[in-house]
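# Next comes the sequence, and after it the predicted model I'd like to discuss.
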Amino acid sequence: MVFYKLEEQRNLFDGYLKAFEIAGRKLLLVQQAGRIYLLENKCGHFGVALEKGELTENSIICSEHGIEFDLLTGKVMNNHWDDCDPVNVFKVVLQDEMIGVEL
């Protein structure tokens, strides 16, 4: 596995949302309610970028159809659509004050 740097930990704050493309994967780094999350930056319904979504305390709501995903698990929290997959989540890695991911 390779460690990919995303952001310095000191730059994160509640409400932080930033999109990255690493090794061909579209990722979204989020800090909310003091926790850091890393998830796939695409809705499981039509693939809309979640970076434009609305954050709640423990979820992100897709701006296109209002589908809500749990930040920790990626699971759909409100099933408006039958054809909506959960969002992939990734383990956040802290290395020398850098937030990153190992892929």
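It's in. Numbers count the residues shown, from 1 in each chain.
# rest of the way, CA atoms for contacts and neighbours
OK.
# who are the neighbours in contact with Ile60?
50, 53-54, 68-71 (CA atoms under 8 Å, 6 or more residues apart in numbering).
# go again using 10 Å as the cut-off
30, 32, 43, 50-54, 66-71, 74, 76-77 (CA atoms under 10 Å, 6 or more residues apart in numbering).
# Select only the buried ones of those in PyMOL?
The buried residues among the contacts of Ile60 can be selected in PyMOL (16 or more other CA atoms under 10 Å) with this line:
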select buried, resi 30+32+43+50+51+52+53+67+68+69+70+71+74+76
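# Among the contacts of Ile60, which are located in strands?
30, 32, 54, 68-70 (DSSP state E).
# Can you check what pLDDT the model gives the spatially most central residue of the chain?
The centroid of the chain falls nearest to Leu39 when counting by CA atoms, centre = their mean (3.0 Å). Note for Leu39: predicted pLDDT of 97.
# now swap in Cys62 and tell me
Residue-level confidence at Cys62 comes out at 92, pLDDT.
# Can you add distance to Ile99 and pLDDT and give the ones in strands among the contacts of Ile60 back as TSV?
Shown next, in TSV, are those (distance: CA to CA, whole Å; pLDDT from 0 to 100):
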residue	distance to Ile99	pLDDT
Val30	11	98
Gln32	15	96
Glu54	22	96
Glu68	25	93
Phe69	22	94
Asp70	20	96
